[in-house]
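Colleague: Pasting a predicted model and its sequence here:
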Amino acid sequence: MSWLTNFVRPKLQALVRRAEVPENLWDKCTQCGQMIFHRELEAALRVCPHCGYHMRLATARRLELLFDEGKYNRIELPKSEPDPLKFRDTKRYTDRLREAQAKTSEQDAIVVAHGTIGGLATVVAAFNFDFMGGSMGAAVGDGLIAAARLAVIQEAPLIVIPASGGARMQEGIISLMQMPRTIIAVDEVKEAGLPYIVLLTDPTTGGVSASFAMLGDIAIAEPGAVIGFAGARVIEETIREKLPEGFQRAEYLRDHGMVDMVVPRAELRETLIRIIDLLRHPTPPAEVIALPVTAGGNTYAQPRIE
Ligand SMILES: [Zn+2]
């Protein structure tokens, strides 16, 4: 037996494992089903080269993509009460939290970072969908408040990037209270006259879409992102009607005036630089030249130059 278990089995396992490796080098597009070489997919920022489908992007990678030279500093977030309701379903909420923390090496579903984007100081709060579906509990609310206050202190624009299924049900009413809390937080940024930009990624749903996520001065969305409050199937069952094609997708929301622009991932950074620059430097870079007072017999008002 020992020869079999100590020698033959490891050899067999090694053979099987070797066969598995090439499979792991390929990813399958969930939209078109095409196989994509893993490295190629990463180089394309996890956008399918065949159909343009935008797959979910890890929080750290997203921050790297936006900040100048991929460099940013994270701030430590306040510690929230971990399980205010002592909630338990099939598992204890504290256990679920611990599992999510072990899986993501993060305290909760939000990361707050600051650095420069296009040379201008900017604060970014990004959701981590891998942490309990990016759900919003008190810790996420605290994170957004910290981000808003940091933006005010630094006189910097605030960019929030939701990727969330909505409220965190394990925190009941406390998670719902994060909706008004986060609205007040982004209002502080607006009152300070600073730009508040939202970058809606897949998915932005539930209580998140019903609060701060829809209040951006400029609302940008990634192509194909699901953005809405209740799920499409729930709505269909409630109203007993077939929903239109592309319902709750970024492009549909843009066409119906809920989103300002749909921007492919590769163009996000340049777009944000342009918007921030425009909002922070509203004066034209060129000198204003006086028009001739009369032209073609018509008299024009002389523009005043200071
Ligand atoms: Zn595809």
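Modeller: Cool, the structure landed. Numbers count the residues shown, from 1 in each chain.

Colleague: just for the stretch 1-150 of the chain, where's the confidence low?
Modeller: In the predicted model, the stretch 1-150 of the chain carries pLDDT under 70 at residues 1-5, 7-8, 10-24.

Colleague: how about the residues of it that lie near the ion?
Modeller: Residues of the stretch 1-150 of the chain lying near the ion by Cβ under 5 Å from the ion: 29, 31, 32, 48, 50, 51, 53. Every residue, glycine included, has its C-beta placed from N, CA and C.

Colleague: I'd say the second one and residue 53 touch.
Modeller: Yes. Counting by Cβ atoms under 8 Å, residue 53 is a contact partner of residue 31 at 3.7 Å.

Colleague: So if I had to pick from those two, which one is more boxed in?
Modeller: residue 53 (17 against 14; other Cβ atoms under 10 Å).

Colleague: Could you pull up the contacting residues of that one?
Modeller: 29, 30, 31, 32, 47, 224 (Cβ atoms under 8 Å, 6 or more residues apart in numbering).

Colleague: and the residue of the stretch 101-250 of the chain found nearest the ion, what does it touch?
Modeller: The ion sits closest to residue 224 of the stretch 101-250 of the chain, with a gap of 10.5 Å, by Cβ to the ion. By Cβ under 8 Å, 6+ apart, residue 224 lies in contact with 31, 53, 54, 202, 249, 250, 251.

Colleague: and if we set it to 6 Å?
Modeller: 54, 249 (Cβ atoms under 6 Å, 6 or more residues apart in numbering).

Colleague: And for the one 5 residues further on?
Modeller: Taking Cβ under 6 Å, 6+ apart as the criterion, residue 229 is in contact with 209, 210.

Colleague: any idea how far residue 252 is from it?
Modeller: Remark: distance between residue 229 and residue 252 (Cβ to Cβ, to the nearest Å) = 14 Å.

Colleague: need the strands for the stretch 1-150 of the chain, in chain order.
Modeller: All strands of the stretch 1-150 of the chain, identified by DSSP state E, counting those that start in this stretch, fall at 26-28, 35-37, 73-74, 110-117, 120-127.

Colleague: Name the stretch among those that sits most buried.
Modeller: strand 120-127 (a mean of 25; mean count of other Cβ atoms under 10 Å).

Colleague: Show me what that strand is packed against.
Modeller: Under the contact criterion of 3 or more Cβ pairs under 6 Å, 6 or more residues apart in numbering; DSSP states H and E, strand 120-127 touches strand 110-117, helix 138-154, strand 158-161.

Colleague: Mean neighbour count, these: which tops it?
Modeller: strand 158-161 (a mean of 28).

Colleague: partners of that strand in the sheet?
Modeller: Counting by DSSP bridges, the strands paired with strand 158-161 are strand 120-127 (parallel), strand 196-200 (parallel).

Colleague: Looking at these, spot the one closest to residue 81.
Modeller: Each of those has some distance to residue 81 by Cβ to Cβ; the shortest is strand 120-127, at 20.3 Å.

Colleague: Which strand residues bridge residue 37?
Modeller: residue 26.

Colleague: so who does residue 35 touch?
Modeller: Counting by Cβ under 6 Å, 6+ apart, the residues that residue 35 touches are 26, 28.

Colleague: quick one: it from residue 166, how far?
Modeller: Applying Cβ to Cβ to residue 35 and residue 166 gives a distance of 33 Å.

Colleague: same question, residue 78
Modeller: 22 Å.

Colleague: between those two, which one's more packed in?
Modeller: A direct count of neighbours by other Cβ under 10 Å for residue 78 and residue 166 places residue 166 higher, at 25 against 11.

Colleague: so what's that one closest to, chain neighbours aside?
Modeller: residue 206 (1.7 Å; Cβ to Cβ, 6 or more residues apart in numbering).
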